[in-house]
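J.: Okay, structure incoming, though there's no sequence with it:
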């Protein structure tokens, strides 16, 4: 009797990038425009970092400009405005992080407690709208409202008795004005991911807590918040990585020389020195410093998150 030989299954080497490309070519085709975009607008411009080590001259180009080593960095760090702009950058970013993010979480939690669907969707829609308004329009409204005869100025004069003035000419008020506009514009949009995380929390856990006698606040503290902790930690890590990247466009539209002491940040300083004074090498050095610090913060915050909370971005 002839025994049939067992047919061995053909093993496909999925580790080969060629096989992976053939098996998932439609996915790679969809990804191609994104890859091309990042190569053109994010990676190719990185060649311009060579300006940070040159006394760059636009007429001579990259290969004709004089190499000066770290002199641009020395000029940036020894500049009297370095510490003020670093302080402003960190202060504005940290205020947005430790005030704006908790408010987005609280807003998401409160929205989750609304059980009238039509009212809930209406509130959500209204809260999202400011995010899609142009920054130029937002800045124009702020400038008008805090002018010497603006609505907000009149309210503060009548209620708190402050001196009538254009609030955007007083350095003491800029951080508060910028924070309030950031919260108003971004709180609803920032709550989207937290709302999605909350909706994925099992209702059985809430039911079990309710049976044990937990009220709504206790269920939020002991059931909802622990369940969405990975999402909160992930968003926190990402925000910490962007801590050196402040809302450049809005600050540029709002600030003026009279409030540079509290409004000028690294990105606006780079723009003013690079475009306004044509100090391209100096501006490239300042921008590179900003990017390196942001990258280091991202790596450190991700490592701390992985160690303490067992959650990380990568």
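T.: Cool, the structure landed. Treat the numbers as computed from the prediction; the structure is a model and nothing was measured. Numbers count the residues shown, from 1 in each chain.
J.: these two touch, right, residue 284 and residue 52?
T.: Yes. Here residue 284 reaches residue 52: they are 4.0 Å apart, a contact under Cβ atoms under 8 Å. Quick note: C-beta positions are derived from backbone N, CA and C, even for glycine.
J.: Nearest residue to residue 220 in space, ignoring adjacent ones along the chain?
T.: residue 109 (5.8 Å; Cβ to Cβ, 6 or more residues apart in numbering).
J.: low pLDDT regions in this structure?
T.: Applying pLDDT under 70 to the chain flags the ranges 1-15, 308-314.
J.: quick one: contacts for residue 121?
T.: Shown in contact with residue 121 (Cβ atoms under 8 Å, 6 or more residues apart in numbering): no residues.
J.: so it sits in a helix?
T.: Yes. Applying DSSP: H, G, I helix; E, B strand; the rest coil, one finds residue 121 inside a helix.
J.: any idea how far it is from residue 114?
T.: Distance, residue 121 to residue 114, using Cβ to Cβ, to the nearest Å: 10 Å.
J.: same thing with residue 213?
T.: 24 Å.
J.: With residue 95 instead?
T.: Using Cβ to Cβ, residue 95 is found at 28 Å from residue 114.
J.: and those two? which has more neighbours close in?
T.: The neighbour count for residue 95 versus residue 114, taken as other Cβ atoms under 10 Å, is higher for residue 95 (16 against 13).
J.: Thought residue 180 was touching that one, still the case?
T.: No. Using Cβ under 8 Å, residue 95 makes no contact with residue 180, being 10.2 Å away.
J.: Look at residue 108 and say how many residues are nearby.
T.: 24.
J.: Who are the contact partners of it?
T.: 191, 194, 195, 198.
J.: element containing the third one?
T.: What that stands for is residue 195. For residue 195, the host element (DSSP states H and E) is helix 192-199.
J.: right, and the helix or strand after that helix?
T.: Using DSSP H and E, the next helix or strand after helix 192-199 towards the C-terminus is helix 203-211.
J.: Serialize the contacts of residue 108 to CSV and add fields for neighbour count and distance to residue 77.
T.: CSV is the format used below for the contacts of residue 108 (neighbours: other Cβ atoms under 10 Å; distance: Cβ to Cβ, whole Å):
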residue, neighbour count, distance to residue 77
191, 25, 39
194, 23, 39
195, 19, 43
198, 21, 45
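J.: In JSON lines: those, plus distance to residue 89.
T.: Output for those, formatted as JSON lines (distance: Cβ to Cβ, whole Å):
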{"residue": "191", "distance to residue 89": "25"}
{"residue": "194", "distance to residue 89": "26"}
{"residue": "195", "distance to residue 89": "30"}
{"residue": "198", "distance to residue 89": "32"}
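J.: Give me the distance between stretch 230-244 and the centre of its chain.
T.: Distance, stretch centre to chain centre, for stretch 230-244: 8 Å (Cα atoms, centre = their mean, to the nearest Å).
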